[in-house]
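J.: okay, sequence plus prediction incoming.
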Amino acid sequence: MQRKAYAPGVAALLAVLLAGCTGSSDDGGPTDDSNPGDTGTASAAAEPGRYRTLPEPCTAVGHGTLDELLPGIRQISDREQREKAYEGEATVTFDTDRKVGCRWKVDSPQATDHLLVDFERIVSYDSAVSDDQQAEQLFAEKEAAAHLPEPTATESAAAGSTPAGGATAAPSGSPTATSSPSTGSPSPSTSATPTELQPRVLEELGDEAFLDDELSSSGSTAKQRTVTVAFRTSNVIVTIEYVEQPMTVGAVPDSKELQDRAQNLALRLADSLSD
């Protein structure tokens, strides 16, 4: 009988002690499985982009590739001047962790060639938007600003990241399979550009890419052609601007040749970023 009377008393005492330790919702005390400062509403921060740094732009393009894009560079007889031409000139930037670039300009008896390579690393300051998402938005704005024509069915089927005509990227320092010494010669494409050479979205280059091709209308003087290839890989946007102006009045730079060269460079840069 004494043991039966004692057991309920012990149970009651334990119940009181447990209630005091765990607290309740009435007194505002935390429960045993709660974390201080956890409101239950905070969401995980968006993931950072793949890239935390940028390559050195003036060494990102090898001598062999520069020989291909800037034919006049090999014609510079003075060794010191030729080496300086290979070095290029870094673009002005206020934050080399976020944006860097390099430009080259070389004259030859046939034409003046300009090359600009620009790298931009995108960082989102919104915890709900990842670096990749921010870069994707900015690249979409860049593509929209290029005013690419609407692709036709034929153009969509032919679009690709390989150079026009099916050429693939050649090893650094070797000429492209489709290149021809037609720089500065009159071209029948002056009045009409073939569909496969028109400005377009490129497939299989980075996460997304496009190519733009503009020919200046400078009357009877030599016409300047500007080919731009831009692509995005994760949170880095790469822009290549390749310009050629022949020395011969009335001459037109070959669209296919310049596009092939610019796309080959883009493929090499995309591969180097993936390493």
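T.: On my side now, so go ahead.
J.: please make it C-alpha for all contacts and neighbour counts, starting now.
T.: Will do.
J.: mind checking how far residue 248 is from residue 225?
T.: 14 Å (Cα to Cα, to the nearest Å).
J.: looking at these two, which is more packed in?
T.: residue 225 (22 against 16; other Cα atoms under 10 Å).
J.: which residues touch that one?
T.: 213, 214, 215, 216, 243, 244, 245, 252, 253, 255 (Cα atoms under 8 Å, 6 or more residues apart in numbering).
J.: and the pLDDT at it?
T.: With respect to pLDDT, residue 225 scores 94.
J.: what bridges to it?
T.: residue 215, residue 244 (DSSP bridges).
J.: same thing with residue 120?
T.: residue 99, residue 237.
J.: I'd assumed residue 99 was in contact with it.
T.: Yes. Taking contacts as Cα atoms under 8 Å, residue 120 lies within contact range of residue 99: 4.4 Å.
J.: any common contacting residues for these two?
T.: residue 54.
J.: quick one: low-confidence residue ranges for this protein.
T.: Within the chain, the ranges that satisfy pLDDT under 70 run 1-44, 152-193, 218-220.
J.: what about the helices in it?
T.: 2-22, 63-69, 79-87, 131-145, 153-158, 255-274 (DSSP state H).
J.: what's the fourth one in contact with?
T.: If I follow you right, that is helix 131-145. Here helix 131-145 has contacts from 46-49, 122-124, 210, 232, 234-237, using Cα under 8 Å, 6+ apart.
J.: 7 Å instead?
T.: With Cα atoms under 7 Å, 6 or more residues apart in numbering as the test, helix 131-145 has contacts from 48, 49, 122, 123, 124, 234, 235.
J.: widest-spaced pair of these?
T.: Maximum pairwise distance in those, criterion Cα to Cα, is 12.5 Å, between 124 and 234.
J.: if we can go back for a sec, can I get the contacts of residue 225 in a markdown table including neighbour count?
T.: Formatted as a markdown table, the contacts of residue 225 follow (neighbours: other Cα atoms under 10 Å):
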| residue | neighbour count |
| --- | --- |
| 213 | 23 |
| 214 | 14 |
| 215 | 17 |
| 216 | 12 |
| 243 | 24 |
| 244 | 28 |
| 245 | 25 |
| 252 | 27 |
| 253 | 26 |
| 255 | 23 |
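J.: wait, what's in contact with the closest residue to residue 50 other than its chain neighbours?
T.: Ranked by Cα to Cα, 6 or more residues apart in numbering and with sequence neighbours excluded, the top spatial neighbour of residue 50 is residue 234, at 6.1 Å. By Cα under 7 Å, 6+ apart, the residues touching residue 234 are 49, 50, 132, 207.
J.: surely the first one touches residue 233?
T.: Looking back up the chat, that one is residue 49. No. Checked against Cα atoms under 7 Å, the pair residue 49 and residue 233 is beyond contact range at 9.7 Å.
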